[in-house]
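*Asks:* I would like to see how this sequence folds:
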Amino acid sequence: MPELPEVETVRRGLEPALAGARLARVRANRPDLRFPLPEGFVQRLTGAKILRLDRRAKYLLAPLDRGDTLVMHLGMTGRFEIAVPEGSTRPGDFARAVTPDDKHAHVVFETEATNGEQGAVVTYYDPRRFGFMDLIATDRLDRHPWFATMGPEPLGEAFDARTLVAAFNGRKQGPKTLLLDQKTVAGLGNIYVCEALHRAHISPFKPAGMIAGKRLGPLAAAIKAVLAEAVEVGGSSLKDFAAADGALGYFQHRFRVYDREGQPCPTPGCKGVIAREVQAGRSTFFCPVCQV
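*Replies:* Next up, the predicted model:
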């Protein structure tokens, strides 16, 4: 499933086409994705202006001038493609392009022309239909069950060592388990938690309550750094993820531990070999020598 950097990459790719645009036409080619589309979905969106394009954890948020927010989640295989007038620059700067399949084009947004220029056509594709969309009253968004218990954004100022001290205190679970809990911090996923724990040289299995507080500052910094780097280079090109211009990201070339089982640990001076263990149904990649 796309993680925070992938979703942020898509948000940045969509922003030039959608933020501030008015939706001239909306087409839903089926009544449901993972969940049924909300009642009156097309009618409520047609003619609405998208005030801006935000992200909360792994959700894309498009507040509208009508008092609702369009909430979008990519699921496992959801992606967008933007068609713009010939000669225009497609958003994003990524390594490899992929061709979408029209039979999986489920929702189409067309924006109004402005200043004599043709509007954009943004199409949502989702072969497995694990993604979803909803319209939620903007003033009730923070109280919605999807968002009410979310922790702070890891790239925001509210997330720091104190967040981890409070979350880890007295806990027997490993730090990876707690970091994947969206109540601890919003938007972290398996890939980047593995990467951050390796950078901070912390075992994913050690009881979190036994990790010295002085080690949590470097862990918070590692989380911020690995996410920022992934956003900078466009997310990870794992399986079906693609950015808004239909191109794949390439942070995977910077992975230190994820999917590198059996390879030497990249930590200078460490003679360990990257190992893999299944933890709560997910693959955990780590160095058994320098992560303690």
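
*Asks:* can you list the weak-confidence ranges in this protein?
*Replies:* For the chain, applying pLDDT under 70 flags the ranges 1, 84-100, 235-253.

*Asks:* mind redoing it with 90?
*Replies:* Judged by pLDDT under 90, the chain has its weakly predicted residues at 1-3, 5-6, 9-10, 12-13, 16, 76-103, 113-119, 127-128, 230-254, 279-281.

*Asks:* Which residue ranges of it form helices?
*Replies:* 4-18, 41-45, 161-168, 175-179, 190-199, 216-232 (DSSP state H).

*Asks:* Counting neighbours, what do you get for residue 166?
*Replies:* As a burial measure, residue 166 scores 10 neighbours (other C-beta atoms under 10 Å). Where you see a C-beta, it was placed from the backbone N, CA and C, and this is true even at glycine.

*Asks:* ugh, wrong one, I meant residue 233
*Replies:* 18.

*Asks:* Show the contacting residues for residue 219.
*Replies:* 161, 164, 175, 196-197, 200, 202 (C-beta atoms under 8 Å, 6 or more residues apart in numbering).

*Asks:* Taking the residues you listed together, which two end up most distant?
*Replies:* 161 and 197 (14.8 Å; C-beta to C-beta).

*Asks:* Which one, of the helices of the chain, ends up nearest to residue 289?
*Replies:* Using C-beta to C-beta, the nearest of those to residue 289 is helix 190-199, at 11.2 Å.

*Asks:* From the chain's centroid, how far away is that closest one?
*Replies:* Offset of helix 190-199 from its chain centre (C-alpha atoms, centre = their mean, to the nearest Å): 15 Å.

*Asks:* Stretch 43-59 too?
*Replies:* On C-alpha atoms, centre = their mean, the centre of stretch 43-59 falls 16 Å from the chain's centre.
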